[in-house]
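J.: sequence first, predicted model second:
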Amino acid sequence: MEPEHPPIIMWFRRDLRFSDHPALHHATASGRPILPLYILDDQVDALGAAPKWRLELGLEGFGEALKDLGSRLTLRRGPALDVLLQLIKETGATSVFWTRAYDPGSIERDTRIKAELTRQGIEARSFAGHLLFEPWDVATKSGHPFRVFTPMWRAVSNRDISTPAAAPSALTPPTVWPLSDHLSQWRLGYAMHRGAAVVQPYVQSGEAAALARLDGFLSRIGNYAGDRDTLDKDGTSDLSEYLSLGEIGPRTIWHRVQTAAALGATGTDAYLRQLVWREFAYHLMYHTPHMLTDNWRPEWEGFPWSDDATTETAQAWIQARTGIPVVDAGLRQMYVTGRMHNRARMIVASYLTKHMLVHWKVGMNWFADCLIDWDPAANAMGWQWVAGSGPDAAPFFRIFNPETQRERFDPNGDYVRRWIAELQPNPCAEALAYFDAVPQSWAVSPDTPYPEPIVSLRDGRAHALAAYESRKSPVRN
């Protein structure tokens, strides 16, 4: 017998929040019972060690938060379509709602699921929510997707962004709850090994923590334009991990920043540009999905990058023992905290792809394993931007000098001292934590001498420029 009020399956993905959630808002507005669901399918299972561990924390907190709304989170493992069809059979649900994703794997999966559910008479609806603007709603005057950021920023900076809906005060439960996996059974954090205990103190997961962090950032946003690139200052928002899992919505951030601007805060435009830079990455991923796997500019296919991550050179970079202190400091920050300062990301990426001539995909894949704020679009575009092979990219001949970058953005050496233990007699706990976070197979300890540069700045620059000049096809920047 079908239930009198059949439930809506609310399929959560990268949207672990209650406010600024169009799919959830429409589900609650129906007045019907809501069955929150998270599926561990092959795409989730393929996540790297750090993002999967961070997902576990997010799901744990989200499940607890659902209890406060009189609900609970059902966890199921398997192919998403099979899980949904089985749950529909068990519960009599007649609708499935979800927030859209924009990577090619998710698009293919969701398109197939929507078609099959519709064929079987099940209402299948996808909603916006992960972005400010849908990729098909932003275009040049000629109707093409933007391939350069600044014109896109000009096109969208004055657009009206709809006001986010408030979080519901309660969710109507289904008559009977289906069986659920236990989160611990999934062992999402297993691959982090001993590094999890090191990174844990730097993580506060969940929507409440995200909103609190936004509040803290807004209190100092006036310094953002000047401080965001400074390695030794707390100048950034640190909201990336929350945006990645959808523990905060971009429209919430946009409106809160706009409100701050209306109250006289400065630095707001500089920050909103960075929020739209995230949009730019997603729009590019949607329209040119090869960005995730191949050079966005095909003329870079012949460039002599090494794609072997096992070489001594690549391993020195991976182990944060290149002998270039600011490069190693950035990587060690990632191993200890799960995140890396954006300026440091550019420095370490430039050193790998230009001084070392190692393929950007080696770095991109390593970040995908190590960053708790990993984001498919931002990670791919960031690496290709630095490498020179991507859209709106930094020209390859613009090679960051790590020492010059350190002098400019870490003038007192505080950032390097915070993360490099071997260069000081009494290192701080954070610098020493690197040795507890990394694999024991690396055989490094505080007593291990700090290495000489694996590739000197002068030689690396010369080799990079020579490789650039010898390319068979010209680079068009």
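T.: Alright, I've got the coordinates.

J.: please enumerate residues in contact with the lowest-mean-pLDDT helix or strand in the chain?
T.: Least confident helix or strand, the chain: helix 457-469 with a mean of 91, by mean pLDDT, DSSP states H and E. Helix 457-469 is contacted from outside by 303-304, 324, 351, 354-357, 396-397, 399, 401-403, 455, 475, using Cβ atoms under 8 Å, 6 or more residues apart in numbering. Heads up, the C-betas are built off the backbone N, CA and C, glycines and all.

J.: may I see the buried residues of that helix?
T.: Leu457, Gly460, Arg461, His463, Ala464, Tyr468 (16 or more other Cβ atoms under 10 Å).

J.: and the third one, how far from Met356?
T.: What that stands for is Arg461. 11 Å (Cβ to Cβ, to the nearest Å).

J.: which one of the contacts of helix 457-469 has the most neighbours?
T.: Tyr351 (31 neighbours; other Cβ atoms under 10 Å).

J.: can you tell me the element the nearest residue to that one once chain neighbours are set aside falls in?
T.: Ranked by Cβ to Cβ, 6 or more residues apart in numbering and with sequence neighbours excluded, the top spatial neighbour of Tyr351 is Val327, at 4.9 Å. Using DSSP states H and E, Val327 sits within helix 325-337.

J.: give me the buried positions along that helix.
T.: 325-337.

J.: now do the contacts for the residue nearest the centre of the chain.
T.: Centroid-nearest residue in the chain, with Cα atoms, centre = their mean: Asp375, separated by 2.6 Å. With contact set as Cβ under 8 Å, 6+ apart, Asp375 has these partners: Ser240, Leu243, Ser244, Arg278, Ala281.

J.: which residue sits closest to Ala212, ignoring its sequence neighbours?
T.: Distance criterion Cβ to Cβ, 6+ apart; nearest residue to Ala212, sequence neighbours excluded, is Gln204 at 7.9 Å.

J.: please report how far that neighbour lies from Leu211.
T.: Distance from Gln204 to Leu211, counting by Cβ to Cβ: 11 Å.

J.: show me which of these two is the more surrounded one.
T.: The neighbour comparison of Gln204 against Leu211 (other Cβ under 10 Å) goes to Leu211, with 18 against 14.

J.: in which helix or strand does the more buried one reside?
T.: helix 207-218.

J.: from the chain's centroid, how far away is that helix?
T.: 17 Å (Cα atoms, centre = their mean, to the nearest Å).

J.: quick one: contacts of it?
T.: Defining contact as Cβ under 8 Å, 6+ apart, one finds that helix 207-218 is touched by 16-19, 62, 65, 167, 204, 236-239, 242, 247-248, 252-253, 256-257, 260, 265.

J.: mind checking which of these are in helices?
T.: Residues of the contacts of helix 207-218 located in helices (DSSP state H): Phe62, Ala65, Tyr242, Thr252, Ile253, Arg256, Val257, Ala260.

J.: what is the burial count for the last one?
T.: Taking other Cβ under 10 Å as the criterion, the count of residues near Ala260 is 19.

J.: and for the first one?
T.: Using other Cβ under 10 Å, Phe62 has 23 neighbouring residues.

J.: what of Gly92?
T.: By the measure other Cβ under 10 Å, the count of residues near Gly92 is 18.

J.: can you check the pLDDT for it?
T.: Per-residue confidence (pLDDT) for Gly92: 97.

J.: ok, the one 5 residues further on next?
T.: As predicted, Phe97 sits at a pLDDT of 98.

J.: separation between the residue lying closest to it once chain neighbours are set aside and Gly129?
T.: Leaving aside its sequence neighbours, Phe97 sits nearest to Ala23 (Cβ to Cβ, 6+ apart; 4.5 Å). Ala23 sits 6 Å away from Gly129 when distances are taken as Cβ to Cβ.

J.: which residues do those two both contact?
T.: Listed as contacting both Ala23 and Gly129 by Cβ under 8 Å, 6+ apart are Asp15, Thr99.

J.: can you list the low-confidence ranges for the stretch 351-477 of the chain?
T.: Applying pLDDT under 70 to the stretch 351-477 of the chain flags the ranges 472-477.

J.: hmm, try it at 80
T.: Counting by pLDDT under 80, the ranges of the stretch 351-477 of the chain that qualify are 393-397, 470-477.

J.: ok, now the chain?
T.: Along the chain, the parts satisfying pLDDT under 80 run over 1-4, 393-397, 470-477.

J.: domain ranges for it?
T.: Listed domain ranges for the chain are 1-129, 131-159+195-287, 298-469 (source: automatic domain parsing).

J.: for Ser184, find the nearest of those domains.
T.: domain 1-129 (8.9 Å; Cβ to Cβ).

J.: now do the closest one: distance to the chain's middle.
T.: 20 Å.

J.: check the separation of the first and last residues in stretch 295-305.
T.: Taking Cα to Cα, to the nearest Å, the first and last residues of stretch 295-305 lie 12 Å apart.

J.: burial measure for Lys89, as a count.
T.: Counted with other Cβ under 10 Å, the neighbours of Lys89 add up to 10.

J.: now for it: which residues touch it?
T.: Applying Cβ under 8 Å, 6+ apart, no residues qualify as near Lys89.

J.: look up how far Asp294 lies from it.
T.: Using Cβ to Cβ, Lys89 is found at 41 Å from Asp294.

J.: for Lys67, same thing?
T.: Separation of Lys67 from Asp294 (Cβ to Cβ): 45 Å.

J.: quick one, which of those two is more surrounded?
T.: Counted by other Cβ under 10 Å, Lys67 and Asp294 do not tie: Asp294 has more neighbours, with 16 against 10.

J.: now for the residue lying closest to that one once chain neighbours are set aside, how many residues are close by?
T.: Once flanking residues are discounted, Asp294 sits nearest to Glu301: 7.8 Å by Cβ to Cβ, 6+ apart. Neighbourhood size, Glu301 [other Cβ under 10 Å]: 11.

J.: for stretch 134-151, measure first residue to last.
T.: Stretch 134-151 has an end-to-end distance of 17 Å (Cα to Cα).

J.: other residues contacting that stretch?
T.: For stretch 134-151, using Cβ under 8 Å, 6+ apart, the contacting residues are 100, 102, 128, 152, 155-156, 276-277, 279-280, 282-284, 286-288, 391-392.

J.: what about Leu183, distance to Pro174?
T.: Using Cβ to Cβ, Leu183 is found at 20 Å from Pro174.

J.: what does Leu243 give?
T.: 30 Å.

J.: try Ala314
T.: With the distance defined as Cβ to Cβ, Ala314 ends up 51 Å from Pro174.

J.: and what of Glu407?
T.: Distance from Glu407 to Pro174, counting by Cβ to Cβ: 61 Å.
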